[in-house]
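Student: No sequence on hand, only this structure:
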DNA sequence: TCGATTTACTTTACCGGTTAAGTTACTTAT
DNA sequence: ATAAGTAACTTAACCGGTAAAGTAAATCGA
């Protein structure tokens, strides 16, 4: 349990000042060759490791980025986080990630902690329950660059990077319409969350463009997970009829629908068809594979970091910016045309 | 871009010393009620946030744990990480996670950085390529508590927490033997990695107990990912015959085998059967679902953190400890008995 | 009534680095 | 010969906190 070696320790041993040691380690020119080599050798021998806390305390910036995500066991986020870590590493920045567990209060607490750590910037994907936005304004006002990604807060002057939720949903529904479907249902997310709203709007827009309208009874709103898909389908089954096809707000919701329908003997595709926003690495292994949307998670993560670093290096207050990254349709076997089995 | 407020700033404004401000903020008894309230009010007004770097610099410990994982887009690890974050948060510890990307050199670099950050302890799951162990010994020798989880380093005096790899593999293979299989292949991991070795040994032990032995040509060793399953199957196909059933070292490897066999028109189950160590949340949606092993990821994560915190609070050098958490078989449809289709 | 407490602060020192501003001996240019 | 440089260090000061020791005024006890 020996205390770590400090500059002073080494200085004492060599009979020089700690500043000389510090300079020698950093290869500054005003330390003699002989001394420098002695210092380097001793550092090696004693296993000297600079105290980063001390270094950062006197430095102007910390080369540390705070990352706040609602959860990590989530296909999209996992990929985005991965990309962020990789890019940050390349740029020699450290990431301190905190998980808000879909809890707005914890999210706030984490942000405070990260500010206290004097991170150079923050990357945030908000919880599904975040409503208060004053903390985010505080962050920006205090001069800390902030970029939202995926789950963003729009219209309040922030920098936001997200998937083309509305356009993607519209394209997907359009694609279904072109295959001949005319009766659509939606199992959506809470409407205060930006992605839920966008996806629902895209759904309505595409239908509207073809003179279609979903039946009130075919619309259900809830959370983003598998269980919400299960309960969503159950709610639809309480009605007197099912739509031909359901647009699910997330991939897990679609899986919930798939599972529940299997239990109930409803064939998908055939009795009921299905599209969703999102995908998973397992999709081409499940039967039926779900027709959905590929989100460029890695790209969004990298882009978010890039924009953040840009702000950090360019310390003027960034104006509101909404970057919307296009998505693509992933053809599965749950949307083959009305009444057709795969 | 205003500089953050410091104790000194507030002290100047109030005409008292910064130490008084510090004490007031921490509610120490030797500051008068009136002053304390003034300080609290001013702190609120100015949005004071203590500089954690400075706090930690003078404190003996940092209440920070370093976490090093080989990757995050990995079912088991994602769950374990999640559990670690949750427990750490409960215990008021911060986690700094670094991702080694299955790269031993990066792993080493990350560990150095974490030590430089003066973390109170380290939680490590090693890369699939880690061979050199001197850095880990350095960590322990320097007095920093260290706990390995999942991918551990055994027999070198460390504290390790992992799944019952050998027993689980043996049980799984035993179960297959009881269904009538007698010709086994293995697509395994690099043998320097503990879990690869254990799973392979469990495989051999179960076979041996029944007087069976795998053919040399039916053994392939490589990495842990889907691509390794694909290339592994390809290697087996270069031989003159396939085994009846393959034991894959991880779930992703099993998926790789599944994908490749589908491409090649090899029916699983039927032409070739399959079991593996591991599982995923999508397994019961995949056709065929893979017969495998459920690992208690969250439990292992929590346990690892618990043991680490125990060491931190109890600073005697921990003796070697190997905690092996039991696993269970998850019945899928890829091991129904020799030659049977699901 | 005077030393002993108590109250409410302040001063000093330290955590382990970095930067800026000296200092000293040795060269070099004129 | 002497001002001016230069090489190789050292000292002082700062980053923003915390702990320990010091101090002055007010209160207390016998």
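Tutor: Here it is on my side, so go on. None of these values were measured; they are calculated from a predicted model.

Student: Going by C-alpha atoms from here, please, whenever you check contacts or count neighbours.
Tutor: Fine.

Student: Just give the number of residues close to residue A:36.
Tutor: Neighbours of residue A:36 under the rule other CA atoms under 10 Å in any protein chain shown: 22.

Student: and it, what helix or strand is that in?
Tutor: According to DSSP states H and E, residue A:36 maps onto helix A:33-46.

Student: Wondering if that helix reaches DNA strand D at all.
Tutor: Yes. Helix A:33-46 lies within reach of DNA strand D by CA under 7 Å from any atom of the strand, at A:33-36.

Student: List of residues touching that helix?
Tutor: A:5, A:10, A:14, A:21, A:24-25, A:27 (CA atoms under 8 Å, 6 or more residues apart in numbering or on different chains).

Student: Buried residues in that helix, which are they?
Tutor: Of all the residues in helix A:33-46, those buried under the rule 16 or more other CA atoms under 10 Å in any protein chain shown are A:36, A:39-40, A:42-43.

Student: how far out from the middle of the chain is the helix or strand just after it?
Tutor: Beyond helix A:33-46 on the C-terminal side, the first helix or strand identified by DSSP H and E is helix A:52-58. Offset of helix A:52-58 from its chain centre (CA atoms, centre = their mean, to the nearest Å): 30 Å.

Student: ok, and for helix A:52-58, which residues are buried?
Tutor: Applying 16+ other CA under 10 Å to helix A:52-58 flags A:52-57 as buried.

Student: which element follows that helix toward the C-terminus?
Tutor: With DSSP H and E, the next secondary element past helix A:52-58 is strand A:64-69.

Student: And that next one, what does it pack against?
Tutor: strand A:94-99, helix A:104-116, strand A:121-124 (3 or more CA pairs under 8 Å, 6 or more residues apart in numbering or on different chains; DSSP states H and E).

Student: so what's the closest residue to chain B within the stretch 151-300 of chain A scoring on pLDDT?
Tutor: With CA to the nearest CA as the measure, residue A:286 is the residue of the stretch 151-300 of chain A nearest to chain B, at 4.0 Å. You'll see residue A:286 listed with a pLDDT of 91.

Student: same check, this time on residue A:299
Tutor: Reported pLDDT for residue A:299: 97.

Student: that older thread, for the residue of the stretch 151-300 of chain A closest to chain B, the count of nearby residues, please.
Tutor: Neighbours of residue A:286 using other CA under 10 Å come to 18.

Student: can you tell if the helix holding residue A:36 touches DNA strand C?
Tutor: No. Helix A:33-46 is not in contact with DNA strand C by CA under 7 Å from any atom of the strand; minimum separation 10.5 Å.

Student: Report the rounded mean pLDDT for that helix.
Tutor: 96.

Student: Walk me through the domains of chain A.
Tutor: A:7-50, A:64-163+A:296-326, A:165-294 (automatic domain parsing).

Student: Is it possible to get those domains out as CSV so that each row also shows distance to residue B:318?
Tutor: Below are the domains of chain A laid out as CSV (distance: least, CA to CA, whole Å):
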stretch, distance to residue B:318
domain A:7-50, 22
domain A:64-163+A:296-326, 28
domain A:165-294, 41
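
Student: which one of the ones you listed lies closest to residue B:224?
Tutor: domain A:165-294 (15.9 Å; CA to CA).

Student: ends of the closest one, how far apart?
Tutor: 11 Å (CA to CA, to the nearest Å).

Student: Give me the contacts around stretch A:196-212.
Tutor: Contacts of stretch A:196-212 (CA under 8 Å, 6+ apart): A:165-171, A:173-174, A:177, A:182, A:186, A:188-191, A:213-214, A:247, A:249, A:277.

Student: among the residues you listed, which are in helices?
Tutor: A:165-171, A:173-174, A:177 (DSSP state H).

Student: Could I get those in TSV, plus columns for pLDDT and neighbour count?
Tutor: Output for these, formatted as TSV (pLDDT from 0 to 100; neighbours: other CA atoms under 10 Å in any protein chain shown):
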residue	pLDDT	neighbour count
A:165	97	29
A:166	97	22
A:167	98	21
A:168	98	26
A:169	98	31
A:170	98	23
A:171	98	20
A:173	98	25
A:174	97	20
A:177	97	19
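
Student: Show the residue spans covered by the strands in chain A.
Tutor: A:64-69, A:94-99, A:121-124, A:146-149, A:159-163, A:184-189, A:219-222, A:245-248, A:273-276, A:292-294, A:321-325, A:328-330 (DSSP state E).

Student: Could you point out which of those strands sits nearest residue B:156?
Tutor: Using CA to CA, the nearest of those to residue B:156 is strand A:94-99, at 30.4 Å.

Student: Might you calculate how far the closest one sits from the centre of the chain?
Tutor: 13 Å.

Student: Likewise for stretch A:215-225?
Tutor: 24 Å.

Student: With chain B in mind, check whether that stretch reaches it.
Tutor: No. For a cut-off given as CA under 8 Å from any CA of the partner chain, stretch A:215-225 has no contacts with chain B; the smallest distance is 12.5 Å.

Student: Which residues outside that stretch are in contact with it?
Tutor: Residues contacting stretch A:215-225 (CA under 8 Å, 6+ apart): A:184-191, A:228, A:232, A:235-236, A:239, A:242-243, A:249-250, A:252-253, A:256.

Student: still on that earlier bit, now compare the contacts of helix A:33-46 and name the two farthest from each other.
Tutor: So, the contacts of helix A:33-46 by CA to CA: farthest apart are A:5 and A:27, at 19.1 Å.

Student: Which of the domains of chain A sits closest to residue B:116?
Tutor: Between the domains of chain A, domain A:7-50 lies closest to residue B:116; by CA to CA that is 5.7 Å.

Student: Would you pull up how far the closest one lies from the middle of the chain?
Tutor: 44 Å.

Student: Check the separation of the first and last residues in it.
Tutor: Using CA to CA, the two ends of domain A:7-50 sit 8 Å apart.

Student: thinking again about what came up before, out of the buried residues of helix A:33-46, who's nearest DNA strand D?
Tutor: Closest to DNA strand D out of the buried residues of helix A:33-46 is residue A:36 (6.7 Å), distances taken as CA to the nearest atom of the strand.

Student: Can you give me the neighbour number for residue A:229?
Tutor: 30.

Student: Quick check: the closest residue to residue A:98 other than its chain neighbours vs residue A:58, distance?
Tutor: Distance criterion CA to CA, 6 or more residues apart in numbering or on different chains; nearest residue to residue A:98, sequence neighbours excluded, is residue A:68 at 5.0 Å. Using CA to CA, residue A:68 is found at 26 Å from residue A:58.

Student: now residue A:326
Tutor: For residue A:326 relative to residue A:58 (CA to CA), the value is 43 Å.

Student: What of residue A:140?
Tutor: 23 Å.

Student: Take the strands of chain A and lay them out in CSV including mean neighbour count, distance to DNA strand D and mean pLDDT.
Tutor: As requested, the strands of chain A are arranged in CSV below (neighbours: other CA atoms under 10 Å in any protein chain shown; distance: least, CA to the nearest atom of the strand, whole Å; pLDDT from 0 to 100):
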stretch, mean neighbour count, distance to DNA strand D, mean pLDDT
strand A:64-69, 24, 16, 98
strand A:94-99, 23, 20, 97
strand A:121-124, 26, 17, 98
strand A:146-149, 27, 20, 98
strand A:159-163, 24, 27, 97
strand A:184-189, 26, 41, 96
strand A:219-222, 19, 43, 95
strand A:245-248, 28, 48, 98
strand A:273-276, 29, 48, 97
strand A:292-294, 25, 45, 97
strand A:321-325, 17, 30, 97
strand A:328-330, 19, 47, 97
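
Student: Reformat the ones you listed into TSV and put distance to residue B:105 next to each item.
Tutor: What follows is those, written out as TSV (distance: least, CA to CA, whole Å):
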stretch	distance to residue B:105
strand A:64-69	21
strand A:94-99	17
strand A:121-124	27
strand A:146-149	31
strand A:159-163	33
strand A:184-189	43
strand A:219-222	45
strand A:245-248	43
strand A:273-276	41
strand A:292-294	33
strand A:321-325	34
strand A:328-330	37
